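Q: The sequence and its predicted three-dimensional model are supplied below.
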Amino acid sequence: MSDTSGKQQNTAAFYGQAVASFAIAMAATGIGIFRLNADAWVRAFLGIAVLYLVTSAFTLAKVIRDRQEATERAYHPFEKL
């Protein structure tokens, strides 16, 4: 029998795709805000709003992950039968 931790690991390709997708989305949003036909203060406000949205999304994902990990039982009595 093999000893596995039970946690699913992401592949390097999935990780790379997620990072690339995030980078492309941020770049496209930044370019769109930069090229927007508006005053500088409007573009600055939208830039700050995007940064706030991104940090809030990362925080929410971490909180959800932490809550899910906390509800998992560390000991499974019939796991190795």
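A: Structure received. Numbers count the residues shown, from 1 in each chain.
Q: any idea which residue sits dead centre in the protein?
A: F58 (5.2 Å; Cα atoms, centre = their mean).
Q: how much space is there between that residue and A40?
A: Going from F58 to A40 by Cβ to Cβ, to the nearest Å gives 27 Å. All C-beta spots, glycine's among them, are computed from the backbone N, C-alpha and C.
Q: Where does A38 sit: helix, strand or coil?
A: Secondary structure assignment for A38 (DSSP: H, G, I helix; E, B strand; the rest coil): coil.
Q: mind checking pLDDT for it?
A: pLDDT for A38: 96.
Q: and what of N10?
A: 85.
Q: Quickly find the element holding it.
A: Assigned by DSSP states H and E, N10 falls within no helix or strand.
Q: heads up, I number from 41, so please use that
A: Right, with 41 as the first residue, what we last looked at is N50.
Q: phi, psi of it?
A: Torsion angles at N50 (phi, psi; degrees, to the nearest 10) stand at phi -80, psi 150.
Q: Show me where this protein has its helices.
A: Counting by DSSP state H, the chain has helices at residues 52-74, 80-111.
Q: Those helices: which one's closest to F118?
A: Closest approach to F118 among those (Cβ to Cβ): helix 80-111, 18.9 Å.
Q: Check which residues of that closest one are buried.
A: Across helix 80-111, burial judged by 16 or more other Cβ atoms under 10 Å covers R83, L86, V90.
Q: Just give the nearest non-adjacent residue to the last one, would you?
A: Meaning V90. Excluding the flanking residues, the one nearest V90 by Cβ to Cβ, 6 or more residues apart in numbering is T69, at 5.6 Å.
Q: Poorly predicted segments of the protein, please.
A: 41-47, 113-117, 119-121 (pLDDT under 70).
Q: One more pass at 90, please.
A: Along the chain, segments meeting pLDDT under 90 span 41-50, 105-121.
Q: contacting residues for M66?
A: By Cβ atoms under 8 Å, 6 or more residues apart in numbering, the contact set of M66 is V90, V94.
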